[in-house]
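Chemist: The following comprises the amino acid sequence and a computationally predicted model.
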Amino acid sequence: MELEDLRTFVEVADAGGVSSAARRLGVAKSIVSRRLFRLEDELGSQLLSRNTRGAALTEAGVSFREHAVRICGEIDAAREELSPEGDLRGLLRVAGPASFGQHFAPALAAFAQQHPLLQVHSRYSDRYVDLVGEGFDCGIRVGYLPDSNLVARRIGSFSVSLYASPHHVTARGAPEKPADILGHQAVMIGTESWKFANGKKTISVNPQGRFKSDSAIAIAEAIAAGVGIGALPDVIAEPYVASRAIAPVMTRYRLPEVGIFVVRPPGAHLARKVRALIDLLAERFG
């Protein structure tokens, strides 16, 4: 039984189809199909029920997938124990936030350059990515991390400030204290509260606004257009401030920093390739 056949089966099972699994693995669909047929022929059992919409696990497939995942994981762990200092090999799949892509992409490029035998596949999206369901080894997330079953390590943070456009300030004035925010349209990620600190005192405000987005870039553009005021990581705001499209307001009050996290699916074994990436990101952003 070939290890690559087991890995391919797990990918197809998790991706829900041959085409999706082929994209994940970076191989042709014909190769994926050949590996599946070879595995099913060797086992003498049908693992997947194929249809026009994809592939679904049979009863035998559901049972066998658990064994296949465990076998692949144990082999990977054994290889790393036998050669803990060897070159990183295989495939590393990383999900990152699109809004911060320009900040993380250079680090991932440097990581790939340092490990020439490792395939590095990255995907950037501001939507919530299901690491397990979509087959990622780890993800980079920025924000206030909610509770989840993922294993997370904080590797750094970005400072955050409140911003407004000159047009908005001219038309509506600039807020001077947290209570003033309620008199302004806010640009937000969702329904959130802004927590301002002044010395040891913390003041929470629930802003109201008609423009919401999961993209920090979209929020910055809305602020620059004069739609409202908004809280932005300073690294996102920098080019807009440099062009004088927006400016910080209410600077006497501080907003909490947003964390930079590397998250990964739960499991006892931390792959060496993921650990190496975490170390590099922590060095750059810590």
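Modeler: Ah, there it is.

Chemist: Next up, the contacts around residue 23.
Modeler: Residue 23 makes contacts with residue 15, as judged by CB atoms under 8 Å, 6 or more residues apart in numbering. C-beta: built from backbone N, CA, C; applies to glycine.

Chemist: An error on my part: the question was meant for residue 162.
Modeler: For residue 162, the contacting residues are 175, 194, 229, 230, 231, 248, 249, 250, 253, 255, by CB under 8 Å, 6+ apart.

Chemist: can you check residue 5 too?
Modeler: So residue 5 contacts 35, 36, 38, 39, 42 (CB under 8 Å, 6+ apart).

Chemist: Is residue 33 in a helix, a strand, or coil?
Modeler: helix (DSSP: H, G, I helix; E, B strand; the rest coil).

Chemist: typo on my end, residue 134
Modeler: Residue 134 ends up coil, using three-state DSSP.

Chemist: circling back to that earlier point, now which of the contacts of residue 5 would you call buried?
Modeler: 35, 36, 39 (16 or more other CB atoms under 10 Å).

Chemist: of all the residues you listed, which comes closest to residue 91?
Modeler: The closest of the buried ones among the contacts of residue 5 to residue 91 turns out to be residue 35 (CB to CB; 15.2 Å).

Chemist: Is that closest one in contact with residue 11, as I believe?
Modeler: No. Under the criterion of CB atoms under 8 Å, residue 35 is not in contact with residue 11, lying 9.7 Å apart.

Chemist: tell me which residues of the helix ranked longest in the chain are tucked away?
Modeler: The helix that spans the most residues within the chain, counting by DSSP state H, is helix 59-82. For helix 59-82, the neighbour count (16+ other CB under 10 Å) marks 61, 64, 65, 68, 69, 72, 76, 77, 80 as buried.

Chemist: any idea which of the residues you listed is closest to residue 219?
Modeler: residue 69 (38.9 Å).

Chemist: Tell me, what's the model's pLDDT at that closest one?
Modeler: The model reports residue 69 with a pLDDT of 81.

Chemist: how about the strands in this protein?
Modeler: For the chain, strands defined by DSSP state E occupy the ranges 48-51, 54-57, 90-96, 118-124, 138-143, 151-158, 160-164, 186-188, 194-198, 201-205, 211-212, 229-233, 247-248, 258-264.

Chemist: I'd like the distance between the residue nearest to residue 139 when sequence neighbours are not counted and residue 242.
Modeler: Computed as CB to CB, 6 or more residues apart in numbering, the closest residue to residue 139 that is not its neighbour in sequence is residue 95, at 4.0 Å. As judged by CB to CB, to the nearest Å, residue 95 and residue 242 stand 29 Å apart.

Chemist: Likewise for residue 90?
Modeler: 41 Å.

Chemist: Name the nearest residue to residue 8, ignoring sequence neighbours.
Modeler: Nearest one to residue 8, counting by CB to CB, 6+ apart, is residue 35 at 4.2 Å.
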